[in-house]
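>>> Predicted coordinates and the sequence they were generated for:
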Amino acid sequence: MADSVTLTIDGREVSVPEGTTILQAAAAAGIAIPHLCYCPGLKGTGACRLCVVEIENVRGLVVSCMRKVSPGMVVRTSTEQIREARRFVLELLFSRHPGLCLSCEKSGACKLQQYAYELGIEHPSFPVRDPGYPVDEDNPFIIRNYNLCILCGRCVRVCRTQGSDILDFMRRGIETKVATPLEKPLLEAGCDFCGSCVGVCPTGALIEKQRRGKGREWEFSKVESYCGYCGSACHLY
Ligand code: FES
């Protein structure tokens, strides 16, 4: 069994197993650190930089979803410097996220929208570039609107864990997007339509087709489910 590590987060003493990340330790103590690319159950990548925190006697900000706790560590999760850095991260994300919140299926349940609200972002600071990708609806289950994608990579990672492994990043720089091999439609790319990618998407980029227009996120009841594709019954998030 892993040894326990005791640290201080926002003035609160917290003990967690060795190997725990700061973000996980904070969550265990009931302290929510904003995060977009981190998803419980999936390997971290430190891609979005929204989860930055301060560690006493460490220069600069630290990505809390990747940094493991150490004994005696003193962490602050919400100083003005941290909030300013998070605002900047969000504003950059909004620069390629056309503002369709009013009519977006995910409105009210979108992580990007939630954090913008919490951090007081009312208008985008940078010009917004609409990538102009066609919305993919040519299958019975999933609507893919990569104009709303923030490249957190959750869908790519969960697709790997579910065994399909048909999603990955393609192109480079501002043209980077998530796609199937040769950008084939999901039906031709070998998608099992387990729905895991929809379940982990923090924005409206991936939406379950059947529920479109049927109600808001909070009007549905949530039930735990398991993928029955291979018989291992992996938990769906
Ligand atoms: Fe930590 Fe994205 S949640 S970098």
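Here it is on my side, so go on.
>>> Can you show me the helices along the chain?
Using DSSP state H, the helices assigned to the chain run over residues 22-28, 80-94, 111-118, 154-161, 186-189, 196-200.
>>> Please name every helix or strand in contact with the third one.
Yep, that's helix 111-118 we're talking about. The helices and strands touching helix 111-118, judged by 3 or more CB pairs under 8 Å, 6 or more residues apart in numbering; DSSP states H and E, are helix 80-94. No exception for glycine: its C-beta is placed from N, CA and C like everyone else's.
>>> Leaving out sequence neighbours, find the closest residue to residue 116.
residue 90 (5.7 Å; CB to CB, 6 or more residues apart in numbering).
>>> follow-up on the earlier one: now the helices of the chain as JSON lines including distance to residue 148?
JSON lines is the format used below for those (distance: least, CB to CB, whole Å):
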{"stretch": "helix 22-28", "distance to residue 148": "24"}
{"stretch": "helix 80-94", "distance to residue 148": "11"}
{"stretch": "helix 111-118", "distance to residue 148": "9"}
{"stretch": "helix 154-161", "distance to residue 148": "12"}
{"stretch": "helix 186-189", "distance to residue 148": "17"}
{"stretch": "helix 196-200", "distance to residue 148": "13"}
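>>> Would you mind measuring from the closest residue to residue 126 other than its chain neighbours to residue 205?
Nearest residue to residue 126 in three dimensions, chain neighbours excluded: residue 95, at 4.0 Å (CB to CB, 6+ apart). From residue 95 across to residue 205, the span is 16 Å (CB to CB, to the nearest Å).
>>> mind listing what residue 180 touches?
166-167, 186, 189, 191 (CB atoms under 8 Å, 6 or more residues apart in numbering).
>>> one step back: okay but the residue nearest to residue 126 is in contact with residue 129, surely?
Yes: if you go by CB atoms under 8 Å, residue 95 and residue 129 touch, sitting 6.3 Å apart.
>>> Low-confidence stretches in this structure?
The chain contains residues with pLDDT under 70 at 1, 99, 226-237.
>>> The ligand contacts on that one?
Neighbours of the ligand within the chain, by CB under 6 Å from any ligand atom: 35-38, 46-51, 63, 65.
>>> Turn those residues into TSV, columns for neighbour count.
Shown next, in TSV, are those (neighbours: other CB atoms under 10 Å):
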residue	neighbour count
35	22
36	24
37	22
38	26
46	13
47	17
48	26
49	18
50	25
51	28
63	22
65	24
